[in-house]
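**Student:** Test case, fold it:
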Amino acid sequence: MAAGEILACSKFYISIDGLDDLIIKSISGISATIELAGSDASYGVTKGGKSAVQSTVTGVSNSNLTITFVGTAEDKRVYDWYYSSHSTEYVGGGSESKGERKTGTISLYNQGGEEAATWVLTGVFPVSYKGSSLSAEDAALYEETLDFAYENLSRTA
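**Tutor:** Below you'll find the predicted structure:
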């Protein structure tokens, strides 16, 4: 990798346990936020009318990860994972996957095709599924978009 090389957002991939060969169109939602109590508001005053302000870390929240896959005729593994992860009126009270969560790795590549930035997500599971709109006039590729929740995000490279 060249020193100070700028990375492009178009050279990326996500690998999720057992789903290593999908065609990925886009990924969004790589985000974690430190939650605060107190923040910038005064929690009281001291002698002389001076405001007392303090921010205290109370936890971390993650946004959902949204991934759009290009659909193929033979491959419905992503939908099957979504379906087996959630109970429905057809499945009953439990889920087929019994709450299984996976690990995912997002890789961003440099111009030489080497991994230059890596994020690891643990506790990944699908929370919503959406297929493309269908129209006789549309020439677009069929896509499946899923939102995933995850428990932890870390950048390892």
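**Student:** OK, contacts around Asn152?
**Tutor:** 62, 121-123 (CB atoms under 8 Å, 6 or more residues apart in numbering). (Each C-beta comes from the backbone N, C-alpha and C, glycine too.)
**Student:** Inside strands: which ones of those?
**Tutor:** Here DSSP state E is the test, and the contacts of Asn152 give 62, 121-123 as lying in strands.
**Student:** quick check, nearest of the residues you listed to Cys9?
**Tutor:** The shortest approach to Cys9 among the ones in strands among the contacts of Asn152 belongs to Leu121, at 17.9 Å (CB to CB).
**Student:** so how far is Ile30 from the closest one?
**Tutor:** Counting by CB to CB, to the nearest Å, the gap from Leu121 to Ile30 is 9 Å.
**Student:** now swap in Glu143 and tell me
**Tutor:** Between Glu143 and Ile30 the computed distance is 20 Å (CB to CB).
**Student:** do Val124 as well
**Tutor:** As for Val124, its distance to Ile30 is 12 Å (criterion: CB to CB).
**Student:** Could you check which of the two has the larger neighbour count?
**Tutor:** When Val124 is set against Ile30 and neighbours are counted by other CB atoms under 10 Å, the residue ahead is Val124, at 19 against 15.
**Student:** if I pick the more buried one, what's in contact with it?
**Tutor:** The contact partners of Val124, taken as CB under 8 Å, 6+ apart, are 16, 65, 101-104, 148-151.
**Student:** As TSV, those with neighbour count and secondary structure would be great.
**Tutor:** Formatted as TSV, the contacts of Val124 follow (neighbours: other CB atoms under 10 Å; DSSP: H, G, I helix; E, B strand; the rest coil):
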residue	neighbour count	secondary structure
Ile16	21	strand
Leu65	25	strand
Arg101	16	coil
Lys102	19	strand
Thr103	14	strand
Gly104	21	strand
Phe148	25	strand
Ala149	16	strand
Tyr150	22	coil
Glu151	12	coil
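**Student:** how about the strands in the protein?
**Tutor:** Taking DSSP E as the criterion, the chain carries its strands at 12-16, 24-28, 32-37, 44-46, 50-52, 56-62, 65-70, 102-109, 115-131, 143-149, 152-155.
**Student:** Name every strand pairing with the longest one and say which way it goes.
**Tutor:** When sheet partners are counted by DSSP bridges, strand 115-131 sits next to strand 102-109 (antiparallel), strand 143-149 (antiparallel), strand 152-155 (antiparallel).
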